[in-house]
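Asks: 3D, please:
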Amino acid sequence: MLFDTHAHLNAEQYNEDLNEVMERAQEAGVSNIVVVGFDRPTITKAMELAEAHDFIYACVGWHPVDAIDMTDEDLDWIEELAKHPKVVAIGEMGLDYHWDKSPHDIQKEVFRKQIRLAKKVKLPIVIHNREATSDIVDILREENAAEVGGIMHCFSGSVEVAKQCLEMNFYISLGGPVTFKNAKKPKEVALEIPLNKLLIETDCPYLTPHPYRGQRNEPSYVKLVAEQIAEIKGMTLEEIAQATSDNAKRIFGIN
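Replies: Numbering: from 1, shown residues only. Predicted structure coming up:
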């Protein structure tokens, strides 16, 4: 059984056919999905989905692109939601230097606040990183994020950076890009990182794997990610599915 550790089924791209998308996921062997909320509307929807479906869990946090919009009330709300039995992680949080909506210093401040919150509520964290690797690694070290650990979501960095993250109690999650023909780094990471530290995800509706690249992504396609990793590691799909599901349940505290 497959575990999609990072999906945005709360996105408007699924407004018309969400039930069919979830049915296709289960038909493809996806037993669990974590839906990630990253602002007020998406967190609310993630909670609704987690409460309505046994196989869906929620991750709640604040996206770095929108860090400038986060208030103390928002942080208090996330802390309150963290008590819910279906909330399994805090995030996605981190740094995004690609877009310039939120100044870097504000992103860093909001990132640190969420790490401290996660330590307070004893939940793992889910990291969004875009063009900010060294600052993210530094902040994770300075804030002793290893205390709760977490997931480097849709990891696109080098094997060397991945190993630094492993040392800080993080799992490496790979998505659609590992299936792209010219994606050298994700393939190297898939090969080098120990199986007990790997996770799989879609980040749907984004980062659709080959051969559907350019179309809307969905959780059923996480099987394509698992198949590619199996090929890289010289293992069976079943072995990858079992190991990554076990890893996901371990980090998220799901029995």
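Asks: In its sheet, which strands sit next to the longest strand along the chain, and in what direction?
Replies: In the chain, ranked by residue count with DSSP state E as the criterion, the top strand is strand 87-96. Strand 87-96 has the following strand partners under DSSP bridges: strand 56-60 (parallel), strand 125-130 (parallel).
Asks: how about the closest residue to residue 44 other than its chain neighbours, what does it touch?
Replies: Sequence neighbours aside, residue 37 is the residue nearest to residue 44 in space, at 7.2 Å (criterion: C-beta to C-beta, 6 or more residues apart in numbering). Glycine gets a C-beta too; all of them are placed from N, C-alpha and C. Shown in contact with residue 37 (C-beta atoms under 8 Å, 6 or more residues apart in numbering): 10, 43-47, 58-61.
Asks: Please narrow those to those residing in helices.
Replies: Mapping those onto helices (DSSP state H) picks out 43-47.
Asks: Switch these over to a markdown table; also include distance to residue 3.
Replies: Shown next, in a markdown table, are those (distance: C-beta to C-beta, whole Å):
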| residue | distance to residue 3 |
| --- | --- |
| 43 | 21 |
| 44 | 24 |
| 45 | 20 |
| 46 | 16 |
| 47 | 20 |
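Asks: follow-up on the earlier one: please state the offset of the very next helix or strand once past the longest strand of the chain from the chain centre?
Replies: Sequence order places helix 104-121 as the next helix or strand after strand 87-96, per DSSP states H and E. Put simply, helix 104-121 sits 17 Å off its chain's centre (C-alpha atoms, centre = their mean, to the nearest Å).
Asks: ditto for stretch 86-99
Replies: 8 Å.
Asks: and if you look at stretch 191-199?
Replies: Taking C-alpha atoms, centre = their mean, one finds the center of stretch 191-199 at 15 Å from the center of the full chain.
Asks: Flag every buried residue along it.
Replies: 193, 195, 197-199 (16 or more other C-beta atoms under 10 Å).
Asks: just stretch 13-28 next, same as before
Replies: 13-14, 21-22, 25, 28.
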